[in-house]
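A.B. asks: make a model of this:
(one chain, ligands or ions: 1)
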Amino acid sequence: MIQLIRGFKDILPGEVEIWQNIEKTARLLFEDFGFKEIRLPILERTELFARSIGEDTDIVEKEMYTFPDKKGDLITLRPEATASVVRSYIQHKMYAKDPVQKFYSIGPMFRRERPQKGRYRQFYQINAEVFGIDSPFMDAQLIFLAVKLFSMLEVTDAKLHINSLGCPKCRLNFKESLSAFLSSATEKLCQDCLRRSKKNPLRVLDCKNSSCREAMVGAPAIINYLCPECSQHFEAVKYALEKVEIPFVIDKHLVRGLDYYTRTTFEIQAGSLGAQNAVAGGGRYDALVKTLGGPDQPATGFAIGIDRLAEITGLRNKDFTQKPDIYIVALGEKSRSLAFEWSCNFGLEGIRPEMDLSNRSLKSQMKRANRLKASYVLIAGDNELEEGSVILRNMTSKKQISIPIESLVEKIKAEIKL
Ligand code: AMP
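C.D. replies: Residues are numbered from 1 along each chain as shown. Predicted coordinates for the structure are as follows:
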């Protein structure tokens, strides 16, 4: 038997209803706040991700699904959405019409990480991105939206962590102190971090290795190195969050796994997925549009992992199973042909039908109707049909009535009053 690929998964009926509800809730919320949906390709040129996410990140170094296409061009299954949204904003010159653009998108991402609960190689994200606004109020509104989405989805233990990564100006001084700190901690760092500490020291703060984490406890914090403008920006984000009563903790070592962030960064943690309890993350990326060849436009955004959200949402306690409104028990050739016709019409009238074409006994068809928890059963036996009628059985009250088959669908519709 051919099995699915490790780290990939099927989302089956029973589970998919939770996903549909998450997606529906997110769409409604974003659209209420003026966001437009954007749908982008899953494959992009490798260079797009290497230049935006950063060459020294885990994603680009180790996790991308990259391969040459037939002509030899390197292409990559997208590991995240922001780079593609930025590419699209630039390519279609959307900024020329109005630099302020707000997008959301929902779809699969691919990273070749070590699979475990809450970590997959194909996973799904809800993304939101805002271009052309540098105000801290926009950061706060995005965070507000992400937090509200969590509460709408009945996640009860969501915790917001925020930090500021400053701008290249503040980072210069910070990197110097961080590098000095790192050179005094070399014996505790993993091989990757030893290399990173020379090329891109900020990345060491993001390493999941326990010895590196321990080593970094006393590392300098970037919020102590912010320039006056970045510091003011961070204060304003905190002020705005307090205004709309969004509690937060300041996580001075939160850097996130992508190089493009500037100023505000945040993460929402929830659930008991251990290292995988970061369910959403995002922040400002003011330099990225320019880096990728566009105009100097600020931007901010976030991504929520649907897989992890689906595992912790309170929606799991709800029963989404769809029960048939009417189960047509057909007994005999003529009956089956009528059942076919009626079920087509019931479906169009919003009465969810299930017809039994198994040619089995009345008893076994009734058994299946019971198992599927049908609200009503329509019994169309050849005897009844001879007399021009069928039997409608209410499966809750167990009452049965006889109904003439002329204009049956309308009659049933009136009878069962959905
Ligand atoms: P990132 O794009 O790394 O900032 O991640 C944003 C969110 O995507 C995380 O908080 C997770 O919820 C989700 N995510 C990232 N990587 C994975 C993965 N391998 N499997 C499942 N969810 C993931």
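
A.B. asks: tell me who's in contact with residue 43.
C.D. replies: 75, 76, 77, 78 (C-beta atoms under 8 Å, 6 or more residues apart in numbering). (Each C-beta comes from the backbone N, C-alpha and C, glycine too.)

A.B. asks: roughly how far apart are it and residue 76?
C.D. replies: 7 Å (C-beta to C-beta, to the nearest Å).

A.B. asks: again with residue 416
C.D. replies: Distance from residue 416 to residue 76, by C-beta to C-beta: 53 Å.

A.B. asks: element containing residue 242, please.
C.D. replies: Assessed by DSSP states H and E, residue 242 sits inside helix 228-243.

A.B. asks: return that helix as CSV; C-alpha atoms alone will do.
C.D. replies: What follows is helix 228-243, C-alpha atoms only, in CSV (Å, rounded to 0.1, in the frame of the first residue of the first chain):
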residue,chain,number,x,y,z
PRO,A,228,14.8,57.0,20.5
GLU,A,229,12.5,56.5,17.4
CYS,A,230,12.3,52.7,17.9
SER,A,231,11.9,53.1,21.6
GLN,A,232,9.0,55.5,21.1
HIS,A,233,7.4,53.1,18.6
PHE,A,234,7.6,50.3,21.1
GLU,A,235,6.1,52.4,23.8
ALA,A,236,3.2,53.4,21.5
VAL,A,237,2.5,49.7,20.7
LYS,A,238,2.3,48.9,24.4
TYR,A,239,0.1,51.9,25.0
ALA,A,240,-2.3,51.0,22.2
LEU,A,241,-2.5,47.4,23.4
GLU,A,242,-3.3,48.5,26.9
LYS,A,243,-6.0,50.8,25.5
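
A.B. asks: give me the residues contacting that helix.
C.D. replies: 135-137, 139-141, 143-144, 160, 162, 164, 166-167, 169-170, 223, 226, 248, 263-264.

A.B. asks: do the same with stretch 57-66
C.D. replies: The contact list for stretch 57-66, computed with C-beta under 8 Å, 6+ apart, reads 46, 49-50, 53-55, 74-77, 79-80, 110-113, 203, 206, 257-259.

A.B. asks: repeat that for stretch 340-354.
C.D. replies: 322-328, 355, 357, 369, 372, 374, 378, 408-409, 412-413, 416, 418.

A.B. asks: show the buried residues in these.
C.D. replies: Buried by 16 or more other C-beta atoms under 10 Å: 324-328, 355, 369, 374, 378, 408-409, 412-413, out of those.

A.B. asks: can you redo these as a markdown table with pLDDT and secondary structure?
C.D. replies: Output for the buried ones among the contacts of stretch 340-354, formatted as a markdown table (pLDDT from 0 to 100; DSSP: H, G, I helix; E, B strand; the rest coil):
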| residue | pLDDT | secondary structure |
| --- | --- | --- |
| 324 | 96 | coil |
| 325 | 97 | coil |
| 326 | 97 | strand |
| 327 | 97 | strand |
| 328 | 97 | strand |
| 355 | 91 | strand |
| 369 | 97 | helix |
| 374 | 97 | coil |
| 378 | 96 | strand |
| 408 | 92 | helix |
| 409 | 92 | helix |
| 412 | 94 | helix |
| 413 | 91 | helix |
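
A.B. asks: which of those residues lies closest to the ligand?
C.D. replies: Minimum distance to the ligand across these is 34.8 Å, recorded for residue 324 (C-beta to the nearest ligand atom).

A.B. asks: just checking, that closest one touches residue 375?
C.D. replies: Yes - between residue 324 and residue 375 a contact is recorded at 7.3 Å, counting by C-beta atoms under 8 Å.

A.B. asks: hey, where'd the strands end up in the stretch 51-200 of the chain?
C.D. replies: Remark: strands assigned in the stretch 51-200 of the chain by DSSP state E, counting those that start in this stretch are 65-68, 74-77, 101-110, 122-131, 159-164.

A.B. asks: so what does the third one touch, helix or strand wise?
C.D. replies: Using 3 or more C-beta pairs under 8 Å, 6 or more residues apart in numbering; DSSP states H and E, the elements in contact with strand 101-110 are helix 16-32, strand 36-37, helix 82-91, strand 122-131.

A.B. asks: for the second one, same thing?
C.D. replies: Applying 3+ C-beta pairs under 8 Å, 6+ apart, one finds that strand 74-77 makes contact with strand 43-45, helix 46-53, strand 65-68.

A.B. asks: ok, the last one: who's next to it in the sheet?
C.D. replies: Okay, so that is strand 65-68. strand 74-77 (antiparallel) (DSSP bridges).

A.B. asks: hmm, who's touching the partner strand?
C.D. replies: With C-beta under 8 Å, 6+ apart, strand 74-77 has contacts from 42-49, 64-69, 110.

A.B. asks: swap in 7 Å and give it another go.
C.D. replies: By C-beta atoms under 7 Å, 6 or more residues apart in numbering, the residues outside strand 74-77 that reach it are 42-46, 49, 64-69, 110.

A.B. asks: how far away is the residue of the chain found nearest the ligand from residue 277?
C.D. replies: Closest approach between the chain and the ligand, counting by C-beta to the nearest ligand atom: residue 305, at 2.0 Å. Distance from residue 305 to residue 277, counting by C-beta to C-beta: 11 Å.

A.B. asks: host element of residue 370?
C.D. replies: helix 362-371.

A.B. asks: swap in residue 280?
C.D. replies: Here residue 280 is assigned to strand 278-284, by DSSP H and E.
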